[in-house]
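Undergrad: Let me see the structure of the following:
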Amino acid sequence: MLTATALVLFMTLPGLSLFYAGLVRVRNVLSVLMQCFALTALMSLLWFVAGYTLAFGSAGVEQGPWLGDFGNLFLAGVAIDSSSGTIPESLFVMFQMTFAVITPALIVGAFAERIRFSSMLAFSAAWMLLVYAPVCHWVWGGGWLGSLGLQDFAGGTVVHITAAVAALVAAIMLGPRRGFGSVAMPPHNLTMTVTGAGMLWVGWFGFNAGSAVAADSSAAMAMLVTHLSAACGSLAWMTMEWMRHGKPSVLGIVTGMVAGLGTITPAAGSVGPAAAVVIGLTAGVVCYFATITLKNRFKIDDSLDVFPVHGVGGILGTLLAGVFCSPNLGIFSGNGFSEGVSSIAGQLAVQATGVVAVFAYTAVVSLILFKLVDMFIGLRVDAEEENVGLDLVLHDERGYDL
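TA: Have a look, this model is predicted:
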């Protein structure tokens with residue numbers, strides 16, 4: 001679990017940081033790295049102050065359906081000898097902290113290249129406490145979705161749907177980057193992006209296998225299905241591009257990998273290897289078309305495709321977990337339905353309830369938070385500042401001095 005915890009932090013610093021930074025234009029590379037780094041520090045402190053107790057409450061105390069109790073404010077009661085199941089509670093706190101770090105960092109991809117740094121910090125702080133922590137409690141902390149029997153092993157709803165819905169709200173509220181749709185905005189450094197993507201693939205083993213909270217057969221299977229889905233997502237997206245555009249792109253294969261990883265995340269504890277292959281292939285194709293649709297049909301500038309990859313993938317994976325958890329599918333069989341559920345239809349109903357509830361709650365609260373931040377601070381830099389680039393305007397530094 002110590003190793004898994006380090007791997008999940010490795011996903012944000014440096015994995016996601018480099019993945020996102022390579023995708024933006026050269027004048028904004030430092031701003032993205034800065035956002036990921038600052039969020040890591042801020043979310044860690046907030047998790048210590050109130051995030052952990054809001055999500056999980058006090059050990060040994062029966063929790064309510066909506067929010068954890070306040071017995072662990074400032075990690076009161078988390079001592080060197082206190083335990084959470086089979087591991088020290090301090091380790092469980094730290095493992096879950098890394099999830100609370102990466103979830104707001106995922107949203108960065110939607111408003112990259114145009115948001116004020118102060119606004120990003122204010123929104124993210126409030127969002128982690130008012131969206132992430134409550135949803136985490138609903139699913140993993142003894143809340144109502146967990147009691148209902150939602151199968152979300154490592155964060156399809158808690159991490160991917162929450163981050164992606166907030167990202168979609170952000171992209172709509174901020175509006176597109178100047179020149180979106182008429183000016184080419186290619187990644188400035190795909191080498192950096194591929195480096196970050198490789199770190200994400202490796203780090204994701206801590207994310208999914210670590211969610212077993214044990215070194216056991218469940219963790220091993222989670223690792224296997226995670227890898228297979230990532231591989232199949234990569235190949236599926238690459239193939240779609242090859243067929244439609246004549247050439248497979250590096251950007252495509254790494255984006256397909258993230259789609260495969262995000263989609264298997266909720267199902268990693270529910271499905272077997274054959275189902276993971278199906279989930280990964282489906283993710284690569286569905287998320288590919290979702291990305292094209294969002295940009296071309298709806299003209300929404302989700303800068304780094306957070307919603308079509310993480311959101312659509314998270315929804316797809318959460319629903320497919322309800323199908324492939326069935327023990328009656330031959331080679332595609334999974335680890336069984338939740339207690340009190342006896343059919344695919346019944347499990348799908350539970351999964352769909354989780355998706356709709358988390359989607360709706362996140363959308364409403366994120367919209368309110370963005371409006372409040374816009375009212376008091378202002379969300380977006382002005383047109384001239386955007387043209388100069390956030391690196392110089394907000395941080396007075398350049399990413400490259402060549």
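
Undergrad: who does the host helix or strand of residue 290 touch, helix- and strand-wise?
TA: Secondary-structure assignment from DSSP states H and E places residue 290 in helix 273-292. For helix 273-292, the packing partners by 3 or more C-beta pairs under 8 Å, 6 or more residues apart in numbering; DSSP states H and E come out as helix 217-245, helix 250-264, helix 312-324. Glycine gets a C-beta too; all of them are placed from N, C-alpha and C.

Undergrad: for residue 64, helix, strand, or coil?
TA: coil (DSSP: H, G, I helix; E, B strand; the rest coil).

Undergrad: Pull the contacting residues for it.
TA: residue 143 (C-beta atoms under 8 Å, 6 or more residues apart in numbering).

Undergrad: Next, it: phi, psi?
TA: phi -80, psi 170 (degrees, to the nearest 10).

Undergrad: In contact with the residue most central in space within the chain: list those residues for me.
TA: Geometric centre of the chain, nearest residue: residue 160, 3.6 Å, by C-alpha atoms, centre = their mean. Counting by C-beta under 8 Å, 6+ apart, residue 160 touches 106, 262, 265, 266, 310, 311, 313, 314, 317.

Undergrad: just checking, the last one touches residue 286?
TA: No: checked against C-beta atoms under 8 Å, the pair residue 317 and residue 286 is beyond contact range at 10.4 Å.

Undergrad: Look at residue 79 and say how many residues are nearby.
TA: Residue 79: 11 surrounding residues under other C-beta atoms under 10 Å.

Undergrad: Distance check, it against residue 136.
TA: 23 Å (C-beta to C-beta, to the nearest Å).

Undergrad: element containing residue 5?
TA: Judged by DSSP H and E, residue 5 forms part of helix 2-10.

Undergrad: what's the spacing between that helix and its chain's center?
TA: 16 Å (C-alpha atoms, centre = their mean, to the nearest Å).

Undergrad: Now do it: which elements does it pack against?
TA: For helix 2-10, the packing partners by 3+ C-beta pairs under 8 Å, 6+ apart are helix 89-111, helix 190-209.

Undergrad: Give me whichever of these is most buried.
TA: Mean neighbours per residue, mean count of other C-beta atoms under 10 Å, is largest over those for helix 89-111, with a mean of 24.

Undergrad: from the middle of its chain, how far away would it be?
TA: 9 Å.

Undergrad: Direction-wise, compare the next helix or strand after it with helix 89-111 and give the angle.
TA: Scanning forward in sequence from helix 89-111 by DSSP H and E, the next helix or strand is helix 117-127. Calculated by axes from the mean of the first three to the mean of the last three C-alpha atoms, to 10 degrees, helix 117-127 forms an angle of 130 degrees with helix 89-111.

Undergrad: for helix 117-127, packing partners?
TA: Counting by 3+ C-beta pairs under 8 Å, 6+ apart, helix 117-127 packs on helix 29-46, helix 89-111, helix 344-376, helix 390-395.

Undergrad: next structured bit after the first one?
TA: If you walk from helix 29-46 toward the C-terminus, the next helix or strand you reach (DSSP H and E) is helix 52-56.

Undergrad: ok, residues contacting that following helix?
TA: 63, 67-73, 75, 78, 93, 96-97, 100, 129, 132-134, 136-137, 140-142.

Undergrad: circling back to that earlier point, could you export the helix holding residue 5 as CSV, keeping only the C-alpha atoms?
TA: In CSV, the C-alpha atoms belonging to helix 2-10 read as follows (Å, rounded to 0.1, in the frame of the first residue of the first chain):
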residue,chain,number,x,y,z
LEU,A,2,2.9,2.3,0.6
THR,A,3,4.1,1.5,-3.0
ALA,A,4,0.6,2.0,-4.4
THR,A,5,0.3,5.3,-2.7
ALA,A,6,3.5,6.5,-4.2
LEU,A,7,2.4,5.3,-7.6
VAL,A,8,-0.8,7.3,-7.4
LEU,A,9,1.0,10.5,-6.5
PHE,A,10,3.4,9.7,-9.4
